[in-house]
Every structure is written in C-alpha cells, then in structure tokens.
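# below are the sequence and a predicted model; questions follow.
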Amino acid sequence: MSGTETSRWVVPLSDVRVDAELRQAVAETLGSGWWSMGPRVADFERAFAEFIGIPHALAVANGTAALHLALLGVGCGPGDEVVLPSLNFVAAANAIAHTGATPVFCDILGDSDLNLDPEDLASAVGPQTKAVVVLHYAGFACDMGAVRALAAERSIEVVEDAAHAPGATYEGEACGTLGRISCFSFFSNKNLPVGEGGMIATADEELAERVRLLRSHGMTTLTWDRHRGHAGSYDVVAQGFNYRLDEIRAVMGMVQLKRLGDENRARERIAAGYREALDGVDGLTMPFDGHDPAASSHHLAVVLLPAAADRDAVRAALSERRIQTSVHYPPIHLFTQYREAGRRPLPRTEDVAGRLLTLPLYAHMDQSQVNLVIEALREALP
C-alpha cells in the first residue's frame, strides 16, 4: 500500500501506487512553471483519443463536469427528460438536473447483470425524452446494440457514462466510442486515477467544438495560446464554465494510461479469484457470470449477499479485520432529492439494493490480501 491514508486498512477498497516515474513526471511539470491547461493536457487528449480509437478527446476537471458538458453538448435543457439507470452514482442525475432537464430512472436486468434493462429503458422513454445516459456498470458493457437501436428508432441521444470502463469493449468496439458522446472519470479510485479529472470523447467534430467552448468560459482562445503569442485577445461566444484539467494531472494521466492495459488484466485475475471462491458459495452470487472477462475493465468487484444476511453486520465484521468495503450504489431514486411521487417502479433495482457489497480491488493486490477478503467474507455470513 502506497500512502499513510490507507495504513489503517490491511486491505483498502482501492489503492494507488506512487513510483519514481510518476514522481518525475509531476516534478518536471512543476518545474516547467506552466501548471494550467496547456501542452501536456493536449498530449493527454491525443493519447487517450488514440487509445480508445476516436477522433476527439477533451480533458476536463472531473467526471461530473464531463457528464454536464456532454448533456449540454447534445442539447439537453428545460422541458427535456433524460433516462438513466437508478443503479449509478448520483452525479449522473445531478448533471442532468443541472441542465434543467428531468432525470427519469429505469431498472436493471437483475442479479446476473446490473446494467440497465433495454426493455425497461424503452418503457421509460417518452415524448419529452432527449437522451439516455448509459452506464457500463463495474466495467461490463451494457447491451449497446439494443440501446442504439432504440435511440435510432426514437430519435434520442446516447451519452455513455464510461467512468467504470476505460479499456473495456463491447463486441470488439471500445467503450466510449459507442454513443454520440462519452464521459470518463479519473477519480482516485478509478482504473486510470489522477486524483480528480475526466475526459469527454466523441467522433462528432461539431459537438467536440461546442464542448471545447463550454469547457473554458465560452472563450475562443485559451490562456496557453495567448501566453505563446498565438492570440492577443479573445471573444466569448457561449455561457461556459471553468471545467479545465491542469497540466499536473494531465502528466499523471499519461503515466497511468501507459499502465492501464496491464492493470486491467491484473484486476481481471483478481476478480476471477473472487469469482472462483465466492460465486454460488454460502448464498453469495457474483454478477456478470458468463460475460467475457477479457472485455471488462473490472473496475469493481461486486457480490450480492444472501437475502438473510445483514449487510451492515457483514461490513462491520470485515472492517474489524481491517478490510474496507463499500456499496455501489445506493439507488438514486431512493435518495430524498429524487424520491418523487409517482416514480416508475424499479423492482429489480430495489431487490438488489440491500444485498450489494463491493470488495477491495486494485491491480497490485497480492494473493494474501485476496485470500483474507475471501476468508473474512465467508466467516461473516450467517
């Protein structure tokens, strides 16, 4: 484990490695004297676009900013509805609401697949639906064939929430290239961590330009352009935001991007060990059985507890053994802010809500840590 903040845990939920390469990249950037968005951000954008195979990638401050800009980019606003799975982080619903649109929640497929149910998505789409935000839960791609067919039929936009899925694929296509626009997160617990940061990707040049303007105050030139003497002034052509990424996080992203393939494969091996030891044992199940493990980024290792288990007690028992766990996610529609009268029924989401448990998963977990998690979980079950 790499930092003092994780020292209370024998097995933290996630962890980062800080090595000489990362330190040197940051130190060189600090020494350059240019820390705001500039050439290193541009390098990171080009490298990420090449990695997923798309023409345009735009680095932003965080994954929530990416969602907000993507939704604005495709035209979401007051009077619109945007459908999303309730089993997601609340940032997705908040980003929709911040555009003035209304979030409409859809159900998941069930215990074996925690991604959205295309049939319930179709039922949730109405005359005011502008877009759907699809999540690739835990790094397993949702049924994008069905989603894209529905979107084409109903003339709605597809925004990919690929926060869990850098390096994941769907039928050979990279996640993040499957909708009109996609969003990634580089938060510290993500597969490509830089602390805070995100990326927007699209093949649509006009959409990329619209998002680029909104990212930086609606200004027609950047501070870096003016610093180099490439522009002497600027115009403002949109009501934009300060959603830029800085140079320090960009160089961290470049280092992490080079490692992403190897780290995803390491996550795959650890997740396979969990699945072999826990799936179908003591009433436990592990979703996504039968999915191609090589196609997933394995962002999360999630198990479903047996109905008789007290999740809080299980988590407390693991915590006593200094094993950190979490829940991904409390369904958004059950939060006070989104608990609307007359909401749509989401029985499968609510069925799994109390049984979800996220186990530690990061690329440099050693086998003794994996074994400890398995042993402690099984002993904690009734």
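Everything's here; your move.
# might you list the low-confidence residue ranges for the stretch 101-250 of the chain?
In the predicted model, the stretch 101-250 of the chain carries pLDDT under 70 at residues 222-232.
# show me where it has its helices.
Under the criterion DSSP state H, counting those that start in this stretch, the stretch 101-250 of the chain contains helices at 118-124, 144-154, 205-215, 223-227, 247-278.
# got a markdown table for those, with distance to E28 too?
Any C-beta I mention is one placed from the backbone N, CA and C, and that applies to glycine too. Below are the helices of the stretch 101-250 of the chain laid out as a markdown table (distance: least, C-beta to C-beta, whole Å):
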| stretch | distance to E28 |
| --- | --- |
| helix 118-124 | 47 |
| helix 144-154 | 39 |
| helix 205-215 | 25 |
| helix 223-227 | 17 |
| helix 247-278 | 7 |
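# let me see the ranges of the strands in the stretch 1-150 of the chain.
56-60, 81-85, 102-106, 108-110, 113-116, 129-135 (DSSP state E, counting those that start in this stretch).
# so which of these is nearest I323?
Shortest separation from I323 across those is recorded for strand 113-116, at 22.1 Å, computed as C-beta to C-beta.
# secondary structure element for the nearest residue to G283 once chain neighbours are set aside?
The spatially closest residue to G283, leaving aside those adjacent along the chain, is P306, at 2.9 Å (C-beta to C-beta, 6 or more residues apart in numbering). Taking DSSP states H and E as the criterion, no element holds P306; it sits outside all helices and strands.
# ok, P306 to V314 distance?
Computed as C-beta to C-beta, to the nearest Å, the P306 to V314 distance reads 10 Å.
# between the two, what contacts are shared?
Between them, P306 and V314 have L381 as joint contacts when contacts are counted by C-beta atoms under 8 Å, 6 or more residues apart in numbering.
# among the two, which residue is more densely surrounded?
Counted by other C-beta atoms under 10 Å, P306 and V314 do not tie: V314 has more neighbours, with 20 against 12.
# might you report the residue contacts of the more buried one?
Neighbour list for V314: L305, L357, L377, A380, L381 [criterion: C-beta under 8 Å, 6+ apart].
# please enumerate the helices of the stretch 251-382 of the chain.
Per DSSP H, counting those that start in this stretch, the stretch 251-382 of the chain has helices spanning 311-320, 347-353, 367-380. These are given in chain order.
# just the buried residues of the first one, please?
Residues V314, R315, A317, L318 are the ones in helix 311-320 that count as buried (16 or more other C-beta atoms under 10 Å).
# with stretch 340-359 instead?
Within stretch 340-359, the residues scored as buried using 16+ other C-beta under 10 Å are L346, R348, T349, V352, A353, G354, R355, L356, L357, T358, L359.
# give me the nearest residue to the residue most central in space within the chain, chain neighbours excluded.
When the chain is reduced to its mean C-alpha position, the nearest residue by C-alpha atoms, centre = their mean turns out to be A163, at 1.6 Å. In space, A163 comes closest to S185 once its chain neighbours are excluded; the distance is 3.8 Å by C-beta to C-beta, 6+ apart.
# for R148, same thing?
Closest residue to R148 in three dimensions, ignoring its sequence neighbours and counting by C-beta to C-beta, 6+ apart: V158, at 6.4 Å.
# is it true that the one you found touches L178?
Yes: the pair formed by V158 and L178 meets the contact definition of C-beta atoms under 8 Å, at 7.4 Å.
# now the common contact residues for those two.
Common neighbours of V158 and L178 are listed as R148 (criterion: C-beta under 8 Å, 6+ apart).
# what about the nearest residue to G145 once chain neighbours are set aside, how many neighbours?
In space, not counting the residues next to it along the chain, G145 is nearest to E171; the distance is 7.3 Å by C-beta to C-beta, 6+ apart. By the other C-beta under 10 Å criterion, the neighbourhood of E171 contains 10 residues.
# could you do L121 as well?
The local packing of L121 (other C-beta under 10 Å) involves 26 other residues.
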